[in-house]
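Chemist: model this:
(one chain, ligands or ions: 1)
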Amino acid sequence: MTNVPSIVKPKRVPREELHGKPGKEDPATVDSAGALVVAANREFFDQIANKYDRYESCATDVYLQNILEKDLDTIQARLSTLGRTPDCLDCGGGSGNLALKMLARGWTVTVVDVSGAMLALLSEKARSRGHSPRLVHSSIESFLREARQVFDVIAFTSVLHHLYSCTSVVRQAATMVRPGGFFYSNYDPVVPKRPSLTRAFDAMDILFAKVKFDVSDVIPGITRRLKKAFTRRDSNFRRRLVTAGDLAEYRAHAGVEDAEVVRILQLEGFGIIEHARYPAGRTKAIRFLNERFRLLEYFKVIAGRNHESIATTKASQTRTSPVAASQ
Ligand SMILES: C[S@@+](CC[C@H](N)C(=O)[O-])C[C@H]1O[C@@H](n2cnc3c(N)ncnc32)[C@H](O)[C@@H]1O
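Modeler: This next block holds a predicted model:
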C-alpha cells in the first residue's frame, strides 16, 4: 500500500519568533537574535530549495553520501537488538537527504524543518517512493521544547552550524533520545585553526562549486560579495548582512565546537561510538587539497545513550545548564 505523506503543522514557527519579538519561554524567541537566525534560515532555504539537491554537496556528493550510509549501517547494527521499528527524528531534515535513507531501511521517521519549501520537496520524493514520514513545519527549537516524545535516533545533518544556540539544541535533543538510542550529527564545519586561510579557501571552493553546479549564480554571487564589501557590519551579529544566507549560515565560518558537542553528550549519559573530523570540499579538487592541508574539515559524531542514563537525565540537565546558550 502506498501511504501518502502529510505535512502536519501543529507546531508552526510562532509569528513573534519570525519577526524577532520575544515569545513566552521559547529559547529561540526569548532571545530575539536567535529568532532572527531561525527566520533567516526559513527565508534562505525557501529561496534555494529548488536548487538544493543539485547544488549542495552533502546531498549529492558520492563520497559524502557513502559516509552517511556507512554511519546508518553502524547505527542499524546496534539497533538490531531493539526488536521493533526504530522511531527516528531528523532535525532540519530539509529535502530528505538523511530521512529518505532512514525510510528506505524501514524506520519510522519524523522530520522537523523550518522551511516549507524544503519539506514540500521531501514530501514529493517520499510519496513517489511509497513512504510516509511525519513532516513537521517548525523550528527545531520550538519542536524540541514542546515535544513530549522520546526517539530511538535523533539526527542532524548539515544543521548544527545553522543554529543560533547549537549547544542548547544538542543538549535538549540528547535528553529526548531513549536509553539505548542514538544521537547522530554530521556535515558541520569544525572551528578553523587558521580562520583567514580557511575563509579564502572556502571562497575558492564556493566559486568552483558555483561554476560546476550553479553557473547562472556566478555573476550574482560576485555582485553580492562586492555589495557586502561596501556594507557596514551589523553590530549585533558582528558581520555584514546582505542576504538571508549571511545569517542562516550562522556558524559556517566560525565553525561548531565539536569537543563541546561531545562533552554535552557525555554529560547526558552517552558513550561516543565515533567522533571524527574529515576533509571537506564541495568539489573533488578542493577536497583533494584539503586532504593535505586540512583547511576545511567537517566533523561527525555517533553516540549511544547508556541504558542507565534515565535516572541521571535530571541531574545532568542541572549540571550542564551553565553552558552558554550561544556558542
Ligand atoms: C543545509 S540544510 C540540510 C538539510 C538536510 N539535513 C541535508 O542533509 O541535506 C539545513 C536545513 O536545516 C533547516 N533549518 C535551519 N535552521 C533550522 C531551525 N532552527 N529549525 C528547523 N529547521 C532549520 C533548513 O530549513 C534546511 O532545510
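
Chemist: tell me where the stretch 51-200 of the chain has helices.
Modeler: Remark: helices assigned in the stretch 51-200 of the chain by DSSP state H, counting those that start in this stretch are 57-60, 62-79, 99-104, 116-128, 140-146, 166-175, 195-213.

Chemist: would JSON lines of those helices with mean pLDDT and distance to P220 be doable?
Modeler: Placement of C-beta: from N, CA and C, glycine included. Shown next, in JSON lines, are the helices of the stretch 51-200 of the chain (pLDDT from 0 to 100; distance: least, C-beta to C-beta, whole Å):
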{"stretch": "helix 57-60", "mean pLDDT": "86", "distance to P220": "20"}
{"stretch": "helix 62-79", "mean pLDDT": "96", "distance to P220": "26"}
{"stretch": "helix 99-104", "mean pLDDT": "98", "distance to P220": "30"}
{"stretch": "helix 116-128", "mean pLDDT": "98", "distance to P220": "19"}
{"stretch": "helix 140-146", "mean pLDDT": "97", "distance to P220": "30"}
{"stretch": "helix 166-175", "mean pLDDT": "97", "distance to P220": "29"}
{"stretch": "helix 195-213", "mean pLDDT": "87", "distance to P220": "10"}
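
Chemist: tell me who's in contact with the residue minimising distance to the centre of the chain.
Modeler: Centroid-nearest residue in the chain: V159, 1.3 Å away (criterion: C-alpha atoms, centre = their mean). V159 sits next to C91, G92, I140, S185, D188 when contact means C-beta atoms under 8 Å, 6 or more residues apart in numbering.

Chemist: unless I'm mixing things up, the fourth one is touching K300, no?
Modeler: Think S185. Yes: look at S185 against K300 with C-beta atoms under 8 Å: they come within range, at 6.5 Å.

Chemist: the more surrounded of the two?
Modeler: S185 (27 against 19; other C-beta atoms under 10 Å).

Chemist: that one and E141, how far apart?
Modeler: 16 Å (C-beta to C-beta, to the nearest Å).

Chemist: kindly report the same for A120.
Modeler: A120 is 22 Å from E141, by C-beta to C-beta.

Chemist: quick one on the thing from earlier: and the contacts of V159, which is closest to the ligand?
Modeler: Using C-beta to the nearest ligand atom, G92 comes nearest to the ligand of these, at 2.9 Å.

Chemist: quick one, phi psi at the closest residue to the closest one other than its chain neighbours?
Modeler: Spatial nearest neighbour of G92, excluding adjacent residues (C-beta to C-beta, 6 or more residues apart in numbering): V159 at 3.5 Å. Main-chain torsions, V159, degrees, to the nearest 10: phi -120, psi -40.

Chemist: check what pLDDT V159 gets.
Modeler: Looking at V159, its pLDDT is 98.
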